[in-house]
Each structure stands twice: as C-alpha cells, then as structure tokens.
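Visitor: Return atomic coordinates for the entry below.
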Amino acid sequence: MKTRSPRLAVRALIVADDQLLLVNAYPGGKSDLWCAPGGGVEAGSSLPANLAREVEEETGLQIEVGEPVLVNEFHDPKSGFHQVELFFRAEIVAGQIRQDWADPEGVVTERRFFSREEMATIRFKPDGLVRAVWGEGIFYDPLEEIVG
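Guide: Below you'll find the model as predicted:
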C-alpha cells in the first residue's frame, strides 16, 4: 500500500438554541452517520475561509468562524486514506436551513439541529463531539478507523 499525506479538513460546530447542526456524512443514504458540516481545505485559502465556503455549500448558511475546539483524525487501513479534521466554533450570520437547499457536490442531502439529549439517540462522529460542543477547552480525539 502506498503511503500518502493525510487530508486536512475543517468542520463547524454551530449551536443555536442549545442544539447542534449536523449533516449526513455519506451521500445517497449509504449510512445513518451524522457529522458537523465542513470539508476539505483548499491550498491558498485560510482555514476559516475554507470552513465558511464549505458550510455555505452544504447548508446555505453564512457563518462567522470562532476558535478551534477539537482535533480529530481517522483512517482507512485498507486504502491508506487518513484525514485530520479541525473543528471550530461558528455562529450563523445569515441564512436559514431550507429543505430545498442543494449541496453543489451532492453529498449533503440532510441537515438538522440536534439537542444534547437527541445526540444520544443517533450515530455521529467523532466520538468527542458532544464533549467539544458542550464542554470547555480544546480536545483531541485519537486516530481511529473510519466507519460507514
């Protein structure tokens, strides 16, 4: 297996009325896994600018990016894929969640807010998400295998 550099991604922790915004992690109903909105970093653009672009593409929301709160990484030992994700707090500055919003890349088809209690009833990644959202400090979720 060929070794390759890890992919860098950014994700937004957007909380409104004490509920966290999540999106489907895989396209086409392939999985019931949820994750924070965001995506891959493009070279030449800052992490906050990349995050604002990804969130707008996936949700139609415009955000103000705050401080980083979580570093997460996962890998697929079969393919050699390895991703490092930086999670930032973010606030909505314009827009609203609309059912007719279409992600231009076609990945995100579901987006909704979950309460802390509802988080216990769904599958989401990374494992430290709830702690990062409703806790204090900066956290690190150690390397784990990718899940579908």
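Visitor: Which residues belonging to the longest helix along the chain are considered buried?
Guide: The helix that spans the most residues within the chain, counting by DSSP state H, is helix 47-59. Buried residues in helix 47-59, defined by neighbour count with 16 or more other C-beta atoms under 10 Å: Pro48, Asn50, Leu51, Ala52, Arg53, Glu54, Val55, Glu56, Glu57, Glu58, Thr59. Bear in mind the C-beta positions are built from the backbone N, C-alpha and C, glycine included.
Visitor: which of these lies closest to Val108?
Guide: Of all these, Glu58 has the smallest distance to Val108: 4.2 Å, by C-beta to C-beta.
Visitor: What separation do you get for that closest one and Ile14?
Guide: As judged by C-beta to C-beta, to the nearest Å, Glu58 and Ile14 stand 11 Å apart.
Visitor: Overlap in contacts, those two.
Guide: Common neighbours of Glu58 and Ile14, counting by C-beta atoms under 8 Å, 6 or more residues apart in numbering, are Pro37.
Visitor: ok, Ile92 to Gly28 distance?
Guide: Distance, Ile92 to Gly28, using C-beta to C-beta: 27 Å.
Visitor: If you could redo that for Arg111, that was the one I meant.
Guide: Taken as C-beta to C-beta, the span from Arg111 to Gly28 is 15 Å.
Visitor: ok, now which ones touch the closest residue to Asp17 other than its chain neighbours?
Guide: The shortest distance from Asp17 to any non-neighbouring residue, by C-beta to C-beta, 6 or more residues apart in numbering, is to Phe113 (7.5 Å). Neighbouring residues of Phe113 by C-beta under 8 Å, 6+ apart: Ala16, Asp17, Gln19, Leu20, Leu21, Leu22, Ile97.
Visitor: any idea of the pLDDT on Phe113?
Guide: We have a pLDDT of 97 for Phe113.
Visitor: Please apply the same query to Thr3.
Guide: Listed pLDDT for Thr3 reads 67.
Visitor: Partner strands of the helix or strand hosting Ala12, with direction?
Guide: When elements are assigned from DSSP states H and E, Ala12 belongs to strand 7-16. Sheet partners assigned to strand 7-16 using DSSP bridges are listed as strand 19-24 (antiparallel), strand 38-40 (antiparallel), strand 81-94 (parallel).
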